[in-house]
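Q: Provided below for reference: sequence and predicted model.
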Amino acid sequence: MTHKPRLDRQVQDDLTRMTPFDSALVKTLATVGVSVHIPKGWAIMMEMTPADSAYILLSGNVEVRKAGEVRRTLGPGDVFGEIALVDHRLRSASIVASTNVTALRLDATALEALVDRDSVFAGALRSSAESRLAAF
């Protein structure tokens with residue numbers, strides 16, 4: 001038996017407060033994504049591994065590391081992990097929780113459906129990805 005995704009009201013409130021996304025997109029994200037808690041020091045994703053999900057930070061901070069070197073710190077409202085999914089390639093960097101983190105996890109299927117359906121979301125992901133890749 002499969003279960004129907006349910007709206008996570010806390011995630012909806014967090015996304016409304018910290019992202020520029022409209023209410024319809026926020027509601028969709030809060031329904032298809034899964035809220036995850038990651039302890040400080042854990043690697044959320046590793047450089048040069050296959051991609052299966054992307055994340056939107058709801059609380060806490062993560063470090064973006066390339067070849068072990070910290071290149072950037074991301075905070076609430078930032079998206080990560082989408083570049084490898086959208087471009088169908090290996091992860092370009094590792095992401096390590098520098099504090100305890102709560103994030104919205106979007107699996108590949110959900111992210112691709114959102115990108116296909118919502119041009120504003122797709123544009124925001126592209127813009128975010130391009131600026132981060134330029135910094136590398």
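A: In hand now; what should we look at?

Q: ok, what's across the strand from Thr102?
A: His37, Ser59 (DSSP bridges).

Q: surely it meets Gly60?
A: Yes - using CB atoms under 8 Å, Thr102 is in contact with Gly60, at 6.4 Å. Where C-beta positions appear, they are placed from N, C-alpha and C, glycine not excepted.

Q: Of the two, which one has the most company?
A: Gly60 (19 against 16; other CB atoms under 10 Å).

Q: Identify the residues contacting the residue lying closest to the more buried one once chain neighbours are set aside.
A: With CB to CB, 6 or more residues apart in numbering as the criterion, Gly60 has its nearest non-adjacent residue at 3.6 Å, and that residue is Val101. By CB atoms under 8 Å, 6 or more residues apart in numbering, the contact list for Val101 reads 37-40, 44, 57, 59-62.

Q: and if we set it to 10 Å?
A: Neighbour list for Val101: 36-40, 42, 44, 55, 57-62, 74-76, 95 [criterion: CB atoms under 10 Å, 6 or more residues apart in numbering].

Q: What distance do you get for it to Gln12?
A: Note on Val101: its distance to Gln12, by CB to CB, to the nearest Å, is 19 Å.

Q: that older thread, overlap of the contact sets of Thr102 and Gly60?
A: Common neighbours of Thr102 and Gly60 (CB under 10 Å, 6+ apart) are 37-38, 76.

Q: As a check, name the ranges of all helices in the protein.
A: 9-18, 23-32, 82-87, 108-117, 119-135 (DSSP state H).
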